[in-house]
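build me a model:
(4 chains)
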There are 4 protein chains.
Amino acid sequence: MRLKASTHITLKSKTRAAFTAILRPQSGEGQWIVSESYDVRPLIEPREYVDVFGNLVQRFVMPAGQVDVRVEAVVATPDTIATAPEAPYTPPEELPHDVLQFLVPSRYCPSDMMAARAREIAGGARPGYAQVEAIRSWIEHNIEYRRGTSDESTSGLDTLQGGAGVCRDFAHVGISLCRGLLIPARMVVGYLHKLAPPMDQHAWFEAFVGGRWYTFDATQKEPRGGRIVIAYGRDAADVAITTPFGPIEVANMDVAIERID
Amino acid sequence: MRLKASTHITLKSKTRAAFTAILRPQSGEGQWIVSESYDVRPLIEPREYVDVFGNLVQRFVMPAGQVDVRVEAVVATPDTIATAPEAPYTPPEELPHDVLQFLVPSRYCPSDMMAARAREIAGGARPGYAQVEAIRSWIEHNIEYRRGTSDESTSGLDTLQGGAGVCRDFAHVGISLCRGLLIPARMVVGYLHKLAPPMDQHAWFEAFVGGRWYTFDATQKEPRGGRIVIAYGRDAADVAITTPFGPIEVANMDVAIERID
Amino acid sequence: MRLKASTHITLKSKTRAAFTAILRPQSGEGQWIVSESYDVRPLIEPREYVDVFGNLVQRFVMPAGQVDVRVEAVVATPDTIATAPEAPYTPPEELPHDVLQFLVPSRYCPSDMMAARAREIAGGARPGYAQVEAIRSWIEHNIEYRRGTSDESTSGLDTLQGGAGVCRDFAHVGISLCRGLLIPARMVVGYLHKLAPPMDQHAWFEAFVGGRWYTFDATQKEPRGGRIVIAYGRDAADVAITTPFGPIEVANMDVAIERID
Amino acid sequence: MRLKASTHITLKSKTRAAFTAILRPQSGEGQWIVSESYDVRPLIEPREYVDVFGNLVQRFVMPAGQVDVRVEAVVATPDTIATAPEAPYTPPEELPHDVLQFLVPSRYCPSDMMAARAREIAGGARPGYAQVEAIRSWIEHNIEYRRGTSDESTSGLDTLQGGAGVCRDFAHVGISLCRGLLIPARMVVGYLHKLAPPMDQHAWFEAFVGGRWYTFDATQKEPRGGRIVIAYGRDAADVAITTPFGPIEVANMDVAIERID
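Below is the predicted model of the structure:
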């Protein structure tokens, strides 16, 4: 399907200050950027680079005052996501080199402390895709989606213990539990068509089984396509929509997504 | 300035065949992509990757028949290019690691065979920027710009001997002569505002002196900004707008560029 | 000086199992590997790749039984480390692209939770090198070096609160506090000549101020050279000497280092 | 088998001058560096980096006078090379991204000018491995191995026309003809056990068919293992053993290789 997605962020700062943003989706194997605009007003010393995960990162220096960032993209993306209940566990020795980094614990996914819990939840499932689905399903049914229960310091372990969170937290729990079973897992940030309101950017996770990455989303009852990937990372620390270096405040953020074909 | 540039290519093939394209400019240190569209009809298994020079390369597989590729970008780019007549030669031991590759001879820039000529042309100039400018100026005044004198197999050495060529050939001569003086030089393909008609994509070169890359264009009488970079490479072999793998013919190509601010 | 350093690790496993190791120092800007051996007995399907931090990672699959890994390197390395009390803070907008990743919180360096403490400890110092030195010195005088107080799950926050740890923990505290002040900091694992016994591999940290990385070691009273770097990372999660994927046990590990010139 | 290979190069220069070397083999999928030494006397500002082909490149600045570089490596490497007469042609759309660069013409492999000849020589063979073997065999039987017939400016086209050359030229012809058939091909420099005297470093080529790289050597009557790879590149321009930037002369070079198991 073709989706038109947009994000409008208004930033305010009392002083000149730098920030980075990760707001530009890229064409790749799974999605094609048909058109795109990235409008920054005022246009403030913009630069862009590719980070170690392959994400495009935009760097800015804003003056004291207000900056408006409006990003819009039309993207051709699959209607459905691949599922593979039979996909087997990929043993570590068969993982591609660049996948190994998604086995190690990270800031919000302290998988070293969650391995026992992962075995309780998914140990009975067939190694591979079925284990990841068992984890995803467990989160869907056992963690409550509730805004205001978590903040920027909340880890997947905190959420597992607290029992509630938002999409980002659901992803962190899923990633942590997968890594606890030695299944590589990574964070994805992007857009999801028909996400329950209020519309916002969304987070989910991917796990590497059967020799490739598969998409999992514990906030949804069923596998759903209509996704636009903006960024991949170990966890939320790597894929922040904006990272301020100074007294910058996000005064407003609007996200919209619609189907256009 | 803000430039709107577009390229429309029509490809025809008698059989299913793959091709690659390098048509998407990127934001970076020197230019900012405000908006962009990349429309391929029919939309044929598109994929994209970053090559070793940092260029975005689009990969397609076209069916028998016709494919239309329309790329349009609005880009904020400097009105002028930096010049630095005093910039000194950067000795090889001070070159960044990733610049060294632009010292070696390449398909269209057999600099190993042109070092003596380089010393004749620019040996009297002050080492560094002044030598590159001496080379650029020599080409401007001694190589005739004439279509139909060169083809896809013409090297910078051929052009130096033949005395005529087009922008691509001018760049190859410039790059070859620079490398002959141990000055790193690379090919640039992109758009130039107010290029003399007929409008087309353009090629020029950059040389590394005084610790950074500077822009040189032997087809122009004066240093001019209003450039949009699409790709960098060792020579034309690395930065072909389209590379067909099969019986694909470019049936039509239109390029346009205008200032919009 | 020339140092000869060696590590001998004996691994035991009840089943066939994969593991990775990071044991091969590399030549680079600051050290030169004069000679090296990497003997694995039995030699078990070895492979090697470069990770996102530039480290060489060795991958193995061991059979049930025992594997001996003996690594020895003769390395030319500086007698002293650079210090620069006057080096100023490098503002985020001037950081090289690849340094930005060392500002974000990581598994063992939850800097997002330690910024207030960082300001208490180093807020009075001059921004830049002096702040990092204030942090280093504070750790040296306020965290007790004591084995057995920490384990593989201990973060820099845990150590700050607990008041004791080993070299790895000291580095985690230092890195976390630096990042809390928006100073990029990274973990280093390697060898240190004349480390207090028992001899082992060592960990310290680097901070990016004044436009480059500087070495800091809170376990030492004075800046000391005689270091061999094996690996860089965000924290200990990235630079584990060995990472077992299965029931592998480190049965023995001996480290030695001596000066040979 | 385990091979011990060594190269000893003596360089002389009348002035201070920089040079690079590619002399350090790396562990990877196919070979394991058991031990290695890289002795440079005097030890002159050494640095090392990884180039775009993954090769380790050593950078030096020598004083006026003489420098001795002695490199020795013990390497575990396969006794035989893989052959696959049935391996099919890999169509361009199935090539990995990083293989595409080995389809374009390069300094010594002007494949754009040799496609017709490639079809004459190998057009009758089954697409894929058999074509490459047809090319290799044709070179073995039609190009004479003779020292002194080529120099540093000789391309694969020159050798095809001249009918004689050395290992480097044989590889250039093979690579050029493969690319002329849209088969990716790359240059390899390294050691070959039992190479006919006088012992020297050796060059051969690899072609990508059947989804992977295979080794081909037109200087040998039969497929032979016992190889140590030092460097990969598009052609000889990328993999020079030493590249002088200044009045540096190779006063002596000795190469040795022996089996030690």
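
who in the stretch 1-150 of chain A is up against chain B?
Counting by C-beta under 8 Å from any C-beta of the partner chain, the residues of the stretch 1-150 of chain A close to chain B are A:26-29, A:32-40, A:43, A:46-50, A:54, A:56, A:58, A:74, A:76. Every residue, glycine included, has its C-beta placed from N, CA and C.

in helices only, show me the residues you listed.
Assigned to helices by DSSP state H, none of those qualify.

which among these end up buried?
Using 16 or more other C-beta atoms under 10 Å in any protein chain shown as the burial test, these include A:26-27, A:32-38, A:40, A:46-49, A:56, A:58, A:74, A:76 as buried.

now the residue of the stretch 151-261 of chain A at minimum distance from chain B. Nearest residue, chain neighbours left out?
Evaluated by C-beta to the nearest C-beta, the stretch 151-261 of chain A has A:Asp261 as its residue closest to chain B, separated by 10.7 Å. Leaving aside its chain neighbours, A:Asp261 sits nearest to A:Arg2 (4.0 Å; criterion: C-beta to C-beta, 6 or more residues apart in numbering or on different chains).

bridging residues for that neighbour?
With DSSP bridges as the criterion, the beta-bridge partners of A:Arg2 are A:Ala76.

what residues does it make contact with?
By C-beta atoms under 8 Å, 6 or more residues apart in numbering or on different chains, the residues touching A:Arg2 are A:34, A:74-77, A:259-261.

flag the least confident of those.
Least confident by pLDDT among these: that is A:Asp261, with 87.

helix/strand/coil for A:Ala134?
Assigned with DSSP: H, G, I helix; E, B strand; the rest coil, A:Ala134 falls in the helix class.

I'd say it and A:Ala122 touch.
Yes - between A:Ala134 and A:Ala122 there is a contact under C-beta atoms under 8 Å: 4.1 Å.

which residues touch the spatially closest residue to A:Gly225 that is not a sequence neighbour?
Using C-beta to C-beta, 6+ apart and skipping residues adjacent in sequence, the residue nearest A:Gly225 is A:Thr80, 4.2 Å away. When contacts are counted by C-beta under 8 Å, 6+ apart, A:Thr80 touches A:223-225.

now what about stretch A:47-59, what contacts it?
The contact list for stretch A:47-59, computed with C-beta under 8 Å, 6+ apart, reads A:18-24, A:26, A:38, A:46, A:60, A:230-233, A:238-239, B:26-29, B:32, B:50, B:54, C:52, C:93, C:97-98, C:100-101.

the helices in the stretch 101-250 of chain A, which residues?
For the stretch 101-250 of chain A, applying DSSP state H, counting those that start in this stretch gives helices covering A:115-122, A:129-142, A:156-162, A:167-180.

Throw those helices into a markdown table and include distance to chain D, mean pLDDT and mean neighbour count, thanks.
Shown next, in a markdown table, are these (distance: least, C-beta to the nearest C-beta, whole Å; pLDDT from 0 to 100; neighbours: other C-beta atoms under 10 Å in any protein chain shown):
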| stretch | distance to chain D | mean pLDDT | mean neighbour count |
| --- | --- | --- | --- |
| helix A:115-122 | 30 | 97 | 17 |
| helix A:129-142 | 25 | 98 | 20 |
| helix A:156-162 | 33 | 98 | 20 |
| helix A:167-180 | 26 | 98 | 28 |
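
tabulate those (a markdown table), appending distance to C:Ala130.
Shown next, in a markdown table, are the helices of the stretch 101-250 of chain A (distance: least, C-beta to C-beta, whole Å):
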| stretch | distance to C:Ala130 |
| --- | --- |
| helix A:115-122 | 42 |
| helix A:129-142 | 46 |
| helix A:156-162 | 35 |
| helix A:167-180 | 37 |
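
closest to C:Tyr145 out of these?
The closest of those to C:Tyr145 is helix A:156-162. By C-beta to C-beta, the value is 28.1 Å.

close to chain C, is that closest one?
No - Helix A:156-162 does not reach chain C (C-beta under 8 Å from any C-beta); its nearest approach is 10.3 Å.

and if you look at stretch A:116-132?
No - residues of stretch A:116-132 contacting chain C under C-beta under 8 Å from any C-beta: none, with a closest distance of 12.4 Å.

give me the distance between the two termini of that stretch.
One end of stretch A:116-132 sits 15 Å from the other (C-alpha to C-alpha, to the nearest Å).

ok, now stretch A:212-225?
With C-alpha to C-alpha, one end of stretch A:212-225 sits 17 Å from the other.

likewise stretch A:89-96?
14 Å.

report the distance from it to the chain centre.
Stretch A:89-96 sits 23 Å away from the centroid of its parent chain (C-alpha atoms, centre = their mean, to the nearest Å).

let me see the mean pLDDT of that stretch.
Stretch A:89-96 shows a mean pLDDT of 96.

next, count neighbours for A:Asp261.
By the measure other C-beta atoms under 10 Å in any protein chain shown, the count of residues near A:Asp261 is 8.

next step: the buried ones among the residues of the stretch 1-150 of chain A next to chain B restricted to strands.
Counting by DSSP state E, these place A:32-38, A:40, A:47-49, A:56, A:58, A:74, A:76 in strands.

quick revisit: would you list the contacts of A:Thr80 in CSV and tack on pLDDT?
Listed next are these as CSV, based on pLDDT from 0 to 100:
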residue, pLDDT
A:Pro223, 94
A:Arg224, 94
A:Gly225, 95
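
mind checking pLDDT for the nearest residue to A:Ala17 once chain neighbours are set aside?
Nearest residue to A:Ala17 in three dimensions, chain neighbours excluded: A:Gly246, at 2.8 Å (C-beta to C-beta, 6+ apart). Listed pLDDT for A:Gly246 reads 89.

A:Leu195 - how many residues pack around it?
Neighbours of A:Leu195 under the rule other C-beta under 10 Å: 20.

show me what contacts it?
A:Leu195 sits next to A:202, A:257 when contact means C-beta under 8 Å, 6+ apart.

next one: it from A:Asp254, what distance?
14 Å (C-beta to C-beta, to the nearest Å).

noted, bye for now.
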